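Peer 1: Sequence and computational prediction follow.
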Amino acid sequence: MSPQLLDLSVELLIQILSHLSLRSIGACALTSRRLHSIISNSQYLRYLVRTEKAGVNDPFLTVLSLPERMAVLEKWERTWHVPDLRQPASQCVVPSNISVSIIRYEIHGGYLVARRRYPVDDRPVGYSYIYLHDAVKRGSVTWHDVDLLQPMSVVSYCFNVEEYNLAVMLVFNPEEDPEPHGSLLVLDFYEGTAHPLAANSTIPLQFEGSVICTHDTYDVHMQVAGDRVVVMVTQVTALPDFVFLVGWKSGDVSLVLTAPDLTYASSFALLNTTLIALVNLQTGTLEVHRILDGATCSLERVGQLCLPFPQDAILSHPASFRLMQAQPSMFSSHSPSLPFRPSPDACLVGLTAVLVAKDADLTFNWLAMRRDYLCSVADTTSDSDGSPTPWETWSARTACCVEIEHSLAAPIAAGARWLVYSHPLVARDAPRQALQDIFASQLPHCEIVSIGESRYQSLTADYEWVVGINEEDDELSRKTHRIDIHHVL
């Protein structure tokens with residue numbers, strides 16, 4: 001007679017239960033007294049349940065004990081519940097040889113990256129970075145600079161420090177005659193040299209023998225998807241827009257989407273390494289596309305979801321919608337302070353929308369959508385008939401819409417959370433209900449955090465860091481940025 005489940009040892013049962021979801025573990029606890037006792041008394045299972053509730057995964061790469069891991073998780077959750085940004089863990093000032101007028105900031109793998117798109121005062125373009133853990137631990141900051149050779153200019157950047165130590169830039173030479181052509185520069189993030197895994201450090205962005213002319217570009221959005229870089233090029237009025245898949249290791253370039261002007265908004269969300277989401281301005285829908293491998297890569301639309309806006313309110317402008325996912329990379333680096341990392345299934349996709357009201361005034365909205373649901377669309381939705389899924393059908397417990405004062409007031413991504421500061425959000429369909437209640441009912445596994453009145457002109461964040469930036473004058477009356485580094489732990 002074959003053994004029954006409850007005849008197995010406690011150790012084997014714990015291993016089996018550890019592969020189940022939070023809901024399944026809870027259901028198992030109700031089936032028998034023995035399973036209830038095992039689940040209740042197992043520190044390991046209790047920790048796994050707690051991490052899933054917190055929206056994080058622990059790969060168990062550190063030597064911390066289970067009680068130590070639980071203590072770190074509880075402290076991290078308490079800190080995020082009521083963030084205190086009054087006293088930074090460290091402060092620094094951008095070096096005087098970097099013009100702050102051209103800087104944009106991002107956090108990747110524990111590094112604060114300052115992107116420099118244009119050459120100013122004979123300083124070439126490139127990027128500078130600091131390691132945030134060193135800044136907090138040592139109380140001092142060392143800036144590392146990666147400078148490109150003159151006279152290069154940068155159209156767009158993307159990074160994958162966590163998995164590949166990768167920096168990718170779309171660059172052009174403004175002195176080229178007659179038209180500057182765009183190429184991807186594939187670099188080692190730390191050194192700024194050719195990446196050792198790349199067959200070619202410079203990859204022309206071309207199709208059918210023609211190279212993209214950067215003078216015609218209106219906007220470029222890029223992200224790393226495994227061995228590829230997804231490049232969306234929005235061109236000026238009357239010219240078509242393109243989506244390229246570029247093998248940054250192989251150097252292969254595939255044009256996977258060509259669309260007439262004003263068909264799509266000028267950004268996309270990378271749901272995972274094989275799925276991307278696009279906003280179709282003509283149909284007022286969110287489209288999910290799958291990347292197909294083959295002799296040449298291609299895109300297949302696998303789902304359409306209606307957005308909660310009337311078609312006559314949607315602006316025919318590529319910047320009227322801006323997509324952003326809460327977790328920029330599918331791979332979060334190991335933190336020296338935290339044994340866990342954000343779970344992709346707990347992350348949201350944010351969509352900022354600029355609309356036209358009946359009185360011709362502009363209105364601004366922000367949509368939060370569960371990334372795991374958008375990924376499931378590819379497996380559960382048939383797109384053969386071409387009809388999109390109505391908002392009322394798909395949005396229950398997977399998405400919500402709120403109004404914002406203006407597009408710059410949209411929440412800021414921070415791991416699986418979104419930070420709200422300075423400007424209040426109003427629930428679109430239930431204006432009297434608190435935003436937290438909307439999230440609790442519509443997005444029960446996600447969280448939005450208010451950090452009170454803004455003390456900063458701009459913020460960037462991830463699941464471990466919040467960095468505030470203010471512009472000020474130095475002792476020589478030159479503009480600089482003072483940076484406050486907050487460690488959420």
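Peer 2: Sure, I can see it.

Peer 1: what about the closest residue to residue 283 other than its chain neighbours, distance to residue 253?
Peer 2: Nearest non-adjacent residue to residue 283, counting by C-beta to C-beta, 6 or more residues apart in numbering: residue 388, 6.9 Å away. For glycine as for every other residue, the C-beta is placed from the backbone atoms N, C-alpha and C. Applying C-beta to C-beta, to the nearest Å, the value for residue 388 to residue 253 is 31 Å.

Peer 1: Equivalent analysis for residue 311, please.
Peer 2: 35 Å.

Peer 1: Comparing the two, which residue is more hemmed in?
Peer 2: In this view residue 311 and residue 253 are compared by other C-beta atoms under 10 Å, and residue 253 has more residues nearby, 20 against 10.

Peer 1: ok, that one - contacts?
Peer 2: Counting by C-beta atoms under 8 Å, 6 or more residues apart in numbering, residue 253 makes contact with 203-207, 244-247.

Peer 1: For residue 6, see how far away it is.
Peer 2: Here residue 253 is placed at a distance of 57 Å from residue 6 (C-beta to C-beta).

Peer 1: State the helix or strand in which residue 16 lies.
Peer 2: Assessed by DSSP states H and E, residue 16 sits inside helix 10-17.

Peer 1: in that helix, what counts as buried?
Peer 2: Neighbour counts over helix 10-17 (16 or more other C-beta atoms under 10 Å) mark 13-14, 17 as buried.

Peer 1: Off-centre distance for the very next helix or strand once past that helix?
Peer 2: Later in the chain than helix 10-17, the nearest helix or strand by DSSP H and E is helix 22-29. Put simply, helix 22-29 sits 31 Å off its chain's centre (C-alpha atoms, centre = their mean, to the nearest Å).

Peer 1: how big is the angle separating helix 22-29 from helix 10-17?
Peer 2: With axes from the mean of the first three to the mean of the last three C-alpha atoms, to 10 degrees defining the directions, helix 22-29 sits at 140 degrees from helix 10-17.

Peer 1: Tabulate the CA atom coordinates of helix 22-29 in CSV.
Peer 2: Taking Å, rounded to 0.1, in the frame of the first residue of the first chain, the C-alpha atoms of helix 22-29 are listed here in CSV:
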residue,chain,number,x,y,z
LEU,A,22,0.2,31.4,0.8
ARG,A,23,-3.4,30.6,0.2
SER,A,24,-2.6,26.9,-0.3
ILE,A,25,-0.6,26.7,2.9
GLY,A,26,-3.6,28.3,4.8
ALA,A,27,-6.0,25.8,3.2
CYS,A,28,-3.7,22.9,4.2
ALA,A,29,-3.7,24.1,7.8
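
Peer 1: Just the buried positions in that helix, please.
Peer 2: Within helix 22-29, the residues scored as buried using 16+ other C-beta under 10 Å are 25, 28-29.

Peer 1: Need phi/psi at residue 79.
Peer 2: phi -70, psi -40 (degrees, to the nearest 10).

Peer 1: surely it meets residue 466?
Peer 2: No. Using C-beta atoms under 8 Å, residue 79 makes no contact with residue 466, being 10.3 Å away.

Peer 1: Let me see the ranges of the strands in the stretch 351-489 of the chain.
Peer 2: 362-370, 399-404, 412-414, 417-420, 426-427, 447-450, 458-461, 465-473, 479-487 (DSSP state E, counting those that start in this stretch).
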